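# just coords:
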């Protein structure tokens with residue numbers, strides 16, 4: 001691990017992750033996926049989202065989170081459903097979009113943060129720190145996505161009830 005990486009304090013890491021999480025495009029992506037989850041999973045599958053939160057908060061490995069998402073895609077049709085209301089990507093299923101965000105988008109962000117913090121790739125310690133930063137981003141992303149899912153699930157339920165009342 002480089003001397004700079006060794007000298008990084010926990011506070012520097014937390015601040016770097018917090019700044020990244022506060023970026024508008026980070027939150028917007030979490031919102032879009034939270035909306036997608038609310039549309040396809042609805043309240044019936046709320047436990048899938050709380051299970052995802054429990055996994056990401058309780059693990060030390062990114063692969064545990066990715067494996068959980070892959071398992072849900074294989075098990076439940078809802079995780080494979082696209083969201084026609086999303087104009088940016090109306091054809092990709094929720095689980096696949098979530099995997100793309102976690103692996104690619106957050107992976108790229110973690111790489112950039114590591115470069116900015118001077119964390120290399122050559123030693124096992126530096127690779128471990130890189131994985132940890134990626135996992136911290138995943139935790140924050142899933143937290144925001146699930147919060148938006150909860151909010152939008154109620155909104156879509158209220159809208160469905162309103163439409164049903166209007167039909168009667």
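Okay, I see it. Bear in mind the structure is a predicted one, so any value in this text is a computation, not a measurement.

# C-alpha only now, for contacts and for neighbours.
OK.

# helices or strands up against the longest helix anywhere in the chain?
Identified as the longest helix of the chain according to DSSP state H is helix 124-167. Other helices and strands packing on helix 124-167, by 3 or more C-alpha pairs under 8 Å, 6 or more residues apart in numbering; DSSP states H and E, are helix 10-21, helix 24-41, helix 46-58, helix 62-75, helix 106-117.

# any idea which of the ones you listed is most buried?
Burial among the helices and strands packed on helix 124-167, expressed as mean neighbours by mean count of other C-alpha atoms under 10 Å, is greatest for helix 24-41, which shows a mean of 21.

# how big is the angle separating that helix from helix 46-58?
Counting by axes from the mean of the first three to the mean of the last three C-alpha atoms, to 10 degrees, helix 24-41 lies at 140 degrees to helix 46-58.

# Quote the end-to-end distance of stretch 77-86.
End-to-end distance for stretch 77-86, by C-alpha to C-alpha, to the nearest Å: 18 Å.

# do the same with stretch 8-28
Termini of stretch 8-28 sit 29 Å apart (C-alpha to C-alpha).

# Could you give the separation of that stretch from the chain centroid?
Relative to its chain's centre, stretch 8-28 lies at 14 Å (C-alpha atoms, centre = their mean, to the nearest Å).

# I'd like the helices and strands packed on helix 124-167 as a markdown table, with mean pLDDT and distance to residue 141 appended.
Below are these laid out as a markdown table (pLDDT from 0 to 100; distance: least, C-alpha to C-alpha, whole Å):
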| stretch | mean pLDDT | distance to residue 141 |
| --- | --- | --- |
| helix 10-21 | 93 | 8 |
| helix 24-41 | 94 | 6 |
| helix 46-58 | 94 | 10 |
| helix 62-75 | 97 | 12 |
| helix 106-117 | 96 | 9 |
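
# Done for today, thanks.
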